[in-house]
Structure formats: C-alpha cells, structure tokens
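Enquirer: Okay, structure incoming, though there's no sequence with it:
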C-alpha cells in the first residue's frame, strides 16, 4: 500500500477521534442519552468507553476513506468532504434504519435524522482532511 495512503489514514484517524469526541462526547451526549431506550443507556452501554479501541476503529474507518479516495483520485479538501459526507449519509442511514427495525435502541425517529446529519458532518471533516492530504503538493508539481 502507498505510504501516502497510510499517512492519510493516520492523520484521518486522529482527526476522526477528535471530531468524534467533540461531536458525540461533548456536544450531543445528553441529547443521545435522552433519546435512547433507558435499558440501552443504563445497562447495555459502557459507563466509560474503551478509548484505544475507538482509536483503532477510527484507523479502519480512515483507511477505508483513504483507500477509496486514492482509487477515485480525490485530491482536495472539497471533494474529500463531499464524498466523506455522502458515504456517511448512506452508511449511517442504512445502519440506523436497520437498528430501528430490529431493536428498540432509539425512542423516536428524530434521533435517526440527527445521527445521520452529525455523521455527515463527521464524514465531511475527516474526508476533507484525507482528500487534502492525498492532494497536497500536486499544484506545485
């Protein structure tokens, strides 16, 4: 695998970890807790997340984006942000609808829309940074 893709993966993982912490760990934690089934909040979810495992998950997420963007020749922030957002919209809309169909994790449908929109922002930020990294220095070349 190209070194440029691996470096983009690591940069993307750091950005994803920090963006996730801000979006879900700080800004919307109370909203999610108030819109999820009490059983999930109180008994199924961990009281404290396993941070190293979240970071490893972000490595795989970022590797997927970096690999796809490299194959698709996405080489700037704008295109990376657009593709990252679209991938997240499609992926999390499908995932959340499947969760709602098979469980009672969410207490309403509004949280699905909010989650998809937050994931679109997340995907745009991470995808934009990865696209920027993959294209840096090309204007000079």
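Expert: That came in fine, so what should we check first? Owing to the predicted nature of the structure, the values given are computational and were not obtained by experimental measurement.

Enquirer: what ranges of the chain fall below the confidence cut-off?
Expert: Counting by pLDDT under 70, the ranges of the chain that qualify are 137, 139-141.

Enquirer: What are the boundaries of the helices in this protein?
Expert: 3-20, 29-34, 38-39, 51-71, 77-102, 110-135 (DSSP state H).

Enquirer: Please find the angle between the direction vectors of the fifth one and helix 51-71.
Expert: Orientation check (axes from the mean of the first three to the mean of the last three CA atoms, to 10 degrees): helix 77-102 against helix 51-71 gives 120 degrees.

Enquirer: So which bits of helix 77-102 are buried?
Expert: For helix 77-102, the neighbour count (16 or more other CB atoms under 10 Å) marks 77, 79-85, 87-89, 92-93, 96 as buried. Where you see a C-beta, it was placed from the backbone N, CA and C, and this is true even at glycine.

Enquirer: by contact count, what packs against that helix?
Expert: Helix 77-102 is packed against helix 51-71, helix 110-135, with contacts defined by 3 or more CB pairs under 8 Å, 6 or more residues apart in numbering; DSSP states H and E.

Enquirer: and those as a markdown table, adding mean neighbour count?
Expert: Formatted as a markdown table, those follow (neighbours: other CB atoms under 10 Å):
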| stretch | mean neighbour count |
| --- | --- |
| helix 51-71 | 17 |
| helix 110-135 | 21 |
